[in-house]
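Enquirer: Below: sequence and its predicted model.
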Amino acid sequence: GYAVYNLYHGDGKTLAMDKSYLHQDFPFDFVAPTAVDDVAVIIPTPEMQRRVLQLVDSPSYRALHIEPYSLISNPHDIKYQNCTEFMLDVIAAAAWETTDMKQIKVNLKQHFQPTRVKTSLLERLFAPIAQKRIKTDDQGGAILTATYESLATFMQDNGLLQETYIL
């Protein structure tokens, strides 16, 4: 069967909510706790599938994990990571055949357009107080993050995407 490899944030009991860990699930276990009604799927090109599988099956996969977690981590910065940014970093590592995180971030700054999160000054100031999973000290003027849409666009623009759809 299929397996889902993902980054999860801590539950606040066994691991702090602003820390993350890597875990392998089955698809049902992955989607069961979600609050949304749809699942987005990105299918890489056959060559990218080969590269990603090779990477996931190596020690380099775990080396791409950044434990400090932010719900809206900046994909151009190395300080925090969330699940979508981790996937972006894995795709980037496979595409550029490097696991040097500094080089991956340099390349992403040149080739990846993150999603801008629109926030007010009050939201930006108080969100990190109200929710421990939100960190903004890796952000510049705008709040930037990786989303399904920005990841799919990046892959499409760079010839890494075979198909994408929403279930």
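Expert: Structure's in. What do you need?

Enquirer: which residues touch the closest residue to Asp11 other than its chain neighbours?
Expert: Distances taken as C-beta to C-beta, 6 or more residues apart in numbering place Met17 nearest to Asp11, at 7.1 Å, with adjacent residues excluded. Where C-beta positions appear, they are placed from N, C-alpha and C, glycine not excepted. By C-beta atoms under 8 Å, 6 or more residues apart in numbering, Met17 lies in contact with His9, Gly10, Asp11, Tyr69, Lys132, Arg133.

Enquirer: neighbour-wise, which of the residues you listed leads?
Expert: Tyr69 (27 neighbours; other C-beta atoms under 10 Å).

Enquirer: give me the element the closest residue to that one other than its chain neighbours is part of.
Expert: Once flanking residues are discounted, Tyr69 sits nearest to Ser20: 4.1 Å by C-beta to C-beta, 6+ apart. Here Ser20 sits within strand 20-25, counting by DSSP states H and E.

Enquirer: Can you give me the pLDDT of the residue nearest to Tyr69?
Expert: With respect to pLDDT, Ser20 scores 98.

Enquirer: what does Asn6 give?
Expert: Per-residue pLDDT puts Asn6 at 89.

Enquirer: before we move on, what about the one 4 residues further on?
Expert: The predicted local distance difference test score for Gly10 is 95.

Enquirer: who are the neighbours in contact with it?
Expert: Taking C-beta under 8 Å, 6+ apart, we find Gly10 in contact with Ala16, Met17, Asp18, Lys19, Ser20, Tyr21, Tyr69.

Enquirer: Distance check, the fourth one against Ile42.
Expert: Think Lys19. Applying C-beta to C-beta, to the nearest Å, the value for Lys19 to Ile42 is 26 Å.

Enquirer: Kindly report the same for the first one.
Expert: Between Ala16 and Ile42 the computed distance is 30 Å (C-beta to C-beta).

Enquirer: Does anything pack onto the strand holding Ser20? Which helices or strands?
Expert: strand 4-9 (3 or more C-beta pairs under 8 Å, 6 or more residues apart in numbering; DSSP states H and E).

Enquirer: Look up the closest residue to Leu7, ignoring the ones flanking it.
Expert: Phe86 is the one closest to Leu7 (C-beta to C-beta, 6+ apart), at 4.1 Å.
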